[in-house]
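# No letters, just coordinates:
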C-alpha cells in the first residue's frame, strides 16, 4: 500500500511539473528593465579606456596622484615620453580620489637590462585599496617574473603573501605588461566587523591569474593578515626600496562599479 501511494504521489508530481511547463510562456522569464547603461568601448586593439572611465594617467602628467606620505604634496615621479617612472627617493604615490569597487587597467614595464635577482628585481606593486601611509593595503605584486625564481606568492600576478598566480604569463624585461583587475571592496557592519571580504579577479597579459579570490585582509610582509574596518580607499603604486632599476607605467584608467550586495 505504501509503495502504491508513493508511486501515485510521484506520478502526480510529474504530471504537475509537466503541466506547469506546458502552460509556461517564454516571456515569463524575460527581464526587460532596468536596461544596462550604454558604455562606448575604446577603439579596437586592447587597453583603450571606455567612455565612462577615469583616466588616472593620460601620458602627460600625474595630476590624479599625490604623495602617500603627504597627500597635500604632488606625486614626484618622473613623467617623460608618455610614461612615468618610479622615483624611489620620493616614496609611494596614490590616487587623489578614493574608490569602492572598480575595474582597473594599467600597464607596466621592467627596464631592459634589469639587475638583481628574486625580490630585488623590478619590485613594485599596485595596492588595490590603500589604507594608510607606508605599505599598508591590499597588494597585487609587480616584479620581473620572466625566468626569475622567487616564492610563488610573491611573484608577478600574486596577491602578495596570500595567493600565488594561476599561471606565469610574464613577458621579458623591456616589454610592456598589462594588468586588468576587477576589485570588489570589503564591507563592514556598523560595529566594524567584517561583513563580506574583499575579492579580486586579475588578468595578467590577458591570462587569468586570480579568479575572484577572497582576500584574508590587507597585505602583511610578516604575519597573518586580518581586517580592520575602512571606507573608500585610494589606489597606490609602490616605490620599493630594492636597488634594482625603477620600473615605468603607462595607460592607467579606472571604472567605478556598484557596491557589492551585503
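Received it, and whenever you're ready, just let me know what you need. Predicted model, so just to flag it, every value in this text is computed and none were measured. Numbering: from 1, shown residues only.
# Pull out the buried positions in the helix or strand hosting residue 210.
Under the criterion of DSSP states H and E, residue 210 resides in strand 207-214. By 16 or more other C-beta atoms under 10 Å, the buried positions in strand 207-214 come out as 208, 209, 210, 213. (Each C-beta comes from the backbone N, C-alpha and C, glycine too.)
# again with stretch 131-145
Of all the residues in stretch 131-145, those buried under the rule 16+ other C-beta under 10 Å are 131, 135, 136, 137, 138, 139, 140, 141, 142, 143, 144, 145.
# Hmm, residue 62 is touching residue 79, no?
Yes. Under the criterion of C-beta atoms under 8 Å, residue 62 makes contact with residue 79 at 6.2 Å.
# between the two, which one's more packed in?
residue 62 (18 against 14; other C-beta atoms under 10 Å).
# which residues of the chain fall in helices?
Counting by DSSP state H, the chain has helices at residues 2-23.
# now the buried residues of stretch 131-145 as a markdown table including pLDDT?
Converted to a markdown table, the buried residues of stretch 131-145 look like this (pLDDT from 0 to 100):
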| residue | pLDDT |
| --- | --- |
| 131 | 82 |
| 135 | 67 |
| 136 | 76 |
| 137 | 91 |
| 138 | 96 |
| 139 | 96 |
| 140 | 98 |
| 141 | 97 |
| 142 | 97 |
| 143 | 95 |
| 144 | 95 |
| 145 | 96 |
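# what two of those residues are the furthest from one another?
131 and 144 (26.9 Å; C-beta to C-beta).
# Tell me how far residue 109 lies from residue 117.
Going from residue 109 to residue 117 by C-beta to C-beta, to the nearest Å gives 19 Å.
# higher neighbour count, those two?
The neighbour comparison of residue 109 against residue 117 (other C-beta under 10 Å) goes to residue 109, with 18 against 12.
# Quick check: bridge partners of the more buried one?
residue 176, residue 248 (DSSP bridges).
# Could you verify my assumption that it touches residue 175?
Yes. In this structure, residue 109 is within contact of residue 175 by C-beta under 8 Å, at 7.0 Å.
# which residues touch the nearest residue to residue 259 once chain neighbours are set aside?
Among residues not flanking residue 259 along the chain, residue 100 sits closest, at 5.6 Å (C-beta to C-beta, 6 or more residues apart in numbering). Applying C-beta atoms under 8 Å, 6 or more residues apart in numbering, we find residue 100 in contact with 185, 232, 256, 257, 259.
# Which of the residues you listed are buried, as a PyMOL select command?
To isolate the buried members of the contacts of residue 100 in PyMOL, using 16+ other C-beta under 10 Å:
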select buried, resi 185
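# so which of the contacts of residue 100 comes closest to residue 51?
Once C-beta to C-beta is applied, the member of the contacts of residue 100 that ends up nearest residue 51 is residue 256, at 13.6 Å.
# ok, now how distant is that closest one from residue 23?
Residue 256 is 44 Å from residue 23, by C-beta to C-beta.
# same thing with residue 254?
Counting by C-beta to C-beta, the separation of residue 254 from residue 23 is 48 Å.
# Pick out whichever of the two has more residues nearby.
Neighbour count, other C-beta under 10 Å: between residue 254 and residue 23, residue 254 has more, with 22 against 8.
# The more buried one touches residue 126, doesn't it?
No. Between residue 254 and residue 126 there is no contact under C-beta under 8 Å: 11.2 Å.
# Need the overlap of contacts for the two.
With C-beta under 8 Å, 6+ apart, residue 254 and residue 126 have common neighbours 104, 235.
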